[in-house]
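Asks: Predicted model and sequence below, questions to follow.
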Amino acid sequence: MNIKILQKSNLNEYKRFRLQALKDCPLAFYSDYYENVDRPDEKWLSHLGKVFSEDSSTNIGMFEGDTLIGMATGIGESYKKRSHVAKIAAVYVDPNHRQKGVGGKILDFLITEIMKNSNVVMLELEVNAKLQAPVTLYKSRGFKECGIKSKAMKVDGLFYNTIVMEKEIRN
Ligand SMILES: CC(C)(COP(=O)(O)OP(=O)(O)OC[C@H]1O[C@@H](n2cnc3c(N)ncnc32)[C@H](O)[C@@H]1OP(=O)(O)O)[C@@H](O)C(=O)NCCC(=O)NCCS
């Protein structure tokens, strides 16, 4: 298995896997399958081939052969007063590869990539309060719960709270 920053040459596989994630787990992501399925390739391409910085997000993928089995995104904050914060989002592992350490490895790789930017002090993320697996994953990597957002997500007419989690990566 091979983990790397996704490149523009990974466009088709990235698109396939991200759409799979959005369809498979509507409660896990703010992004919606039907808002993404017809997006032009230029938009997908704009997410690829980037290292993490204040001005850009990086997408990490784990491959088995040519097939993506896991993914995560690190998002930089362009506001000067927020440039010490990185957000983690879009964490997804293919159902056939879960609970074998893939999610943890991808998160470790992403955090290492983010830490190459010496400005970043804090990591933040949000997770649907109904989902136990990601909360356990993030806690296993040192994230702590720091708040709840009420009715932060609405899916098929139902509201969901999200748990806000944070991790300090340097002083
Ligand atoms: C959350 C997710 C990425 C975890 O991936 P994974 O490859 O199964 O995770 P790992 O095998 O690396 O497990 C990491 C930790 O989480 C725990 N964990 C994973 N799945 C779990 C589950 N279903 N229930 C309880 N704990 C779970 C593991 O036991 C492990 O904890 P440990 O290190 O203390 O033993 C995966 O379940 C997934 O893609 N879920 C759907 C999408 C999603 O919810 N994304 C999060 C958006 S915020």
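Replies: Sure thing, it's come through.

Asks: Only C-alpha atoms from now on, for both contacts and neighbour counts.
Replies: OK.

Asks: Which neighbouring elements make contact with the helix or strand harbouring residue 16?
Replies: In this assignment (DSSP states H and E), residue 16 forms part of helix 11-24. When contacts are defined as 3 or more C-alpha pairs under 8 Å, 6 or more residues apart in numbering; DSSP states H and E, helix 11-24 packs onto helix 33-36, helix 41-45, strand 67-76.

Asks: and if we set it to 7 Å?
Replies: Judged by 3 or more C-alpha pairs under 7 Å, 6 or more residues apart in numbering; DSSP states H and E, helix 11-24 is in contact with helix 33-36.

Asks: So which bits of this protein are right by the ligand?
Replies: 25, 28, 90-93, 98-104, 127, 132-134, 136-137, 140 (C-alpha under 6 Å from any ligand atom).

Asks: OK, contacts around residue 21?
Replies: residue 92 (C-alpha atoms under 7 Å, 6 or more residues apart in numbering).

Asks: Find me the pLDDT at it, would you?
Replies: pLDDT, residue 21: 98.

Asks: Then residue 72?
Replies: pLDDT, residue 72: 98.

Asks: and the nearest residue to it once chain neighbours are set aside, how many neighbours?
Replies: Spatially, and ignoring its direct neighbours in sequence, residue 72 is nearest to residue 91 (4.2 Å; C-alpha to C-alpha, 6 or more residues apart in numbering). Residues within reach of residue 91, counting by other C-alpha atoms under 10 Å, total 20.

Asks: what about residue 107, helix or strand, and which?
Replies: helix 102-115.

Asks: and the next element down the chain from that helix?
Replies: Downstream of helix 102-115 (by DSSP H and E), the next one is strand 122-128.
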